[in-house]
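Trainee: My questions are about this predicted structure, shown below with the sequence.
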Amino acid sequence: MKHIRSIITLGCLAAVAATSGAQGFRSGSGITDIMRAGPRLGPPAARPAANAPAAAPVQRSAEFIVALVNSEPITNTDVQSRVDRVIKENAEAQRVPRAELTRLVLERLISERAQLQLAKENGLKVDEVAIDQAEQTVARQNEISVTELHRRVAAEGIALADFRRDLRDQLLLTRLRDREVESKVKVSDSEADEYLRDQRNLAVKNTALENLNLGQVLVAVPENATDAQVAAAQKKAQDLAQRARAGEDFAKLVRENSDSPDRANGGAMGMRTADRYPSLFVDATQSTAVNGIAGPVRSSAGFHVLKVLAKAQLGSADATVTQTQVRHILLLNDPKRTTAQAVAQLAEFKRRLQAGTADFAGLARDNSQDGSAKDGGDLGWSQPGQFVPEFEEAMDRLSPGQISDPVVSRFGVHLIQVVARRDAKLSQGEQREAARAALRDQRIDEAFNTWAQEVRARAYVEYREPPQS
């Protein structure tokens, strides 16, 4: 899973397609990617001192149409604003001549526009409730409020309406990809077994396939912190790291000191492949042994003290994973019931459950529109990556016994309860399923690239020359 670089990269799809072949560029992160990636928001730009000279005015690019995609225009402003964001967020892009980067971005925009038109033709829609939850997810994963998210978006010169439109477009693209590509990719048992054998026979360890369970203590650094505040936070983190290395109970240190929402779980983030952790965490713990302490390391959120709770290679005899026993109530997308109405109904169910006047299993049996309804909504023990990211992100934030707020996914609206968690060694069958998921992810990427090229080829594209001065 690809990691986001910032809210602007995510919200505005500021990345060049992997299919462009441009010096190692990767495709942009989707809205669902942030739900697995962890905090990656860059710090806001520093405010100029009161007596600092005024910045030179920004020279606006001339406005004209550069291409038509099935008669829908892409303007020079569309292209240049995307180029500017790519340059800001992608170190590799800064080494590419601007003319070449402009060409690649234009091709990316053409591909996106053709896919969005296809989504519209297929009747796919994203309502305001889903966009609201996408905003909340972006803010939560970057450990800021929605208000602060809006402020930072505005500071980047992006109108809130444009930001929300881009989130909507990304959700549409994700749902279209699921419908046209992901649901059609299959992996057989024999292919999964062969993949497992290949992993066991790897002579060189592939870090991206390593399973990790990391715990963290986060010492948050407030927005616009002074040097003294940063220094105080760093010293606190260093003291906590020293206490952890001296043998103090890490979970107790987390509960008493961490500013992260996962402190209720003792800071444990769960067993998952390394590529589903922020690269900052993976780099910091790469040479750290199990039960070892790394850090503190600095992110935009603050200082992190990390503990390696477990490591295991996919296919190894001791491969373990954090499993979650979960149940849910699902209300499907229905023309007779809006998403907002489904959210309200599930919110009322949550209120009744918390008041002790209803039973989760009973509500699920009577109301859930999922096959698990007959089992009281029970989905059994799940592995990381088993559910759609919207569902899994919400599930991972819950402690055993907790109930989520209503969660909007591509399938409908869910009310989720985590029953229990455990770290368990994977059986041969479970390892096969993990291998199947990893191999399927690879094939989905390949199938998506082929499908995107086919959609682009079917579109009528007319390039326009810039007007002569």
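Mentor: Sure, I can see it.

Trainee: For the rest of this, base every contact and every neighbour count on C-alpha atoms.
Mentor: OK.

Trainee: tally of neighbours for residue 256?
Mentor: Residues lying near residue 256 (other Cα atoms under 10 Å) number 12.

Trainee: Contacts only, for it.
Mentor: Shown in contact with residue 256 (Cα atoms under 8 Å, 6 or more residues apart in numbering): no residues.

Trainee: which SS state does it fall under?
Mentor: Following DSSP: H, G, I helix; E, B strand; the rest coil, residue 256 is assigned to helix.

Trainee: repeat for residue 401
Mentor: Here residue 401 is recorded as coil under three-state DSSP.

Trainee: Residue 279 versus that one, what's the distance?
Mentor: Going from residue 401 to residue 279 by Cα to Cα, to the nearest Å gives 31 Å.

Trainee: Which one's more surrounded, these two?
Mentor: Each of residue 401 and residue 279 has its neighbours counted (other Cα under 10 Å); residue 279 has more, 16 against 10.

Trainee: What lies in contact with the helix or strand where residue 325 lies?
Mentor: In this structure, residue 325 is located in strand 320-332 according to DSSP states H and E. By Cα under 8 Å, 6+ apart, the residues outside strand 320-332 that reach it are 211, 213, 270-272, 312, 342, 363-364, 367-370, 373, 376-384, 395, 411-426.

Trainee: Could you check how far the particular helix or strand that has residue 87 in it is from the centre of its chain?
Mentor: In this assignment (DSSP H and E), residue 87 forms part of helix 76-89. How far helix 76-89 lies from its chain's middle: 22 Å, per Cα atoms, centre = their mean, to the nearest Å.

Trainee: Check which element follows that helix along the chain.
Mentor: Counting by DSSP H and E, the next helix or strand C-terminal to helix 76-89 is helix 98-121.

Trainee: helices or strands up against that following helix?
Mentor: Judged by 3 or more Cα pairs under 8 Å, 6 or more residues apart in numbering; DSSP states H and E, helix 98-121 is in contact with strand 65-69, helix 76-89, helix 160-180, helix 428-458.

Trainee: Put together a markdown table for these, with mean neighbour count on each row.
Mentor: What follows is the helices and strands packed on helix 98-121, written out as a markdown table (neighbours: other Cα atoms under 10 Å):
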| stretch | mean neighbour count |
| --- | --- |
| strand 65-69 | 19 |
| helix 76-89 | 19 |
| helix 160-180 | 18 |
| helix 428-458 | 16 |
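
Trainee: for this protein, what are the low-confidence residue spans?
Mentor: Residue ranges of the chain with pLDDT under 70: 1-62, 89-91, 141-143, 199-210, 261-266, 270-271, 312-320, 469.

Trainee: can you give me the strands for it?
Mentor: For the chain, the strands defined by DSSP state E occupy 65-69, 72-75, 210-220, 272-273, 293-298, 302-313, 320-332, 378-382, 407-408, 412-425, 461-463.

Trainee: partner residues bridging residue 328?
Mentor: residue 416 (DSSP bridges).

Trainee: what's the first-to-last distance across stretch 286-303?
Mentor: End-to-end distance of stretch 286-303 (Cα to Cα): 18 Å.

Trainee: buried set for that stretch?
Mentor: Buried residues in stretch 286-303, counted by 16 or more other Cα atoms under 10 Å: 288, 290-291, 293-303.
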